[in-house]
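Undergrad: no sequence for this one, just the structure:
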């Protein structure tokens with residue numbers, strides 16, 4: 001099973017720049033050793049179960065909760081049985097069809 005989870009999470013009570021808070025979440029994901037892709041608008045992880053994906057969300061919130069009174073998050077989940085490696089495969093499939101590498 002492959003669970004792709006795309007999310008963004010950040011405090012809304014800490015001013016205009018919240019990169020210091022977001023970096024705590026990215027560091028936690030990196031240390032979790034799950035496959036992930038960080039973008040300017042969110043982060044995508046790939047794990048083997050919905051339970052594992054939701055644990056990452058809880059851990060992300062736990063990074064912010066001690067210092068933040070209000071946290072905003074968006075979450076999208078794509079679950080597919082009998083498939084793995086979709087985080088990279090989906091991009092490779094499009095690159096093959098258009099004949100060039102993306103995300104230069």
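TA: Structure received. A quick note: this is a predicted structure, and the numbers were derived from the prediction, not measured.

Undergrad: low-scoring stretches of this protein, by residue?
TA: For the chain, the stretches with pLDDT under 70 are 104.

Undergrad: show me where it has helices.
TA: Secondary structure of the chain by DSSP state H: the helices cover 19-32, 50-64, 86-98.

Undergrad: residues of the last one that come out buried?
TA: To tie it back to what came earlier, the one meant is helix 86-98. Neighbour-count burial for helix 86-98 flags 86-87 (criterion: 16 or more other CB atoms under 10 Å). C-beta here means a position set from N, CA and C on the backbone, and glycine is covered the same way.

Undergrad: ok, residues contacting that helix?
TA: Here helix 86-98 makes contact (CB atoms under 8 Å, 6 or more residues apart in numbering) with 2, 4, 35-37, 44-46, 78, 80, 101-103.

Undergrad: again with stretch 45-63
TA: Contacts of stretch 45-63 (CB under 8 Å, 6+ apart): 1-5, 7, 9, 21, 24-25, 28-29, 32, 34-36, 71, 73, 75, 77, 79, 84-87.

Undergrad: how far out from the middle of the chain is that stretch?
TA: Relative to the mean C-alpha coordinate of its chain, stretch 45-63 is positioned 9 Å out (CA atoms, centre = their mean, to the nearest Å).

Undergrad: from the contacts of helix 86-98, which two are the most distant?
TA: Of all pairs drawn from those, the one with the longest distance (CB to CB) is 80 and 101, at 24.4 Å.
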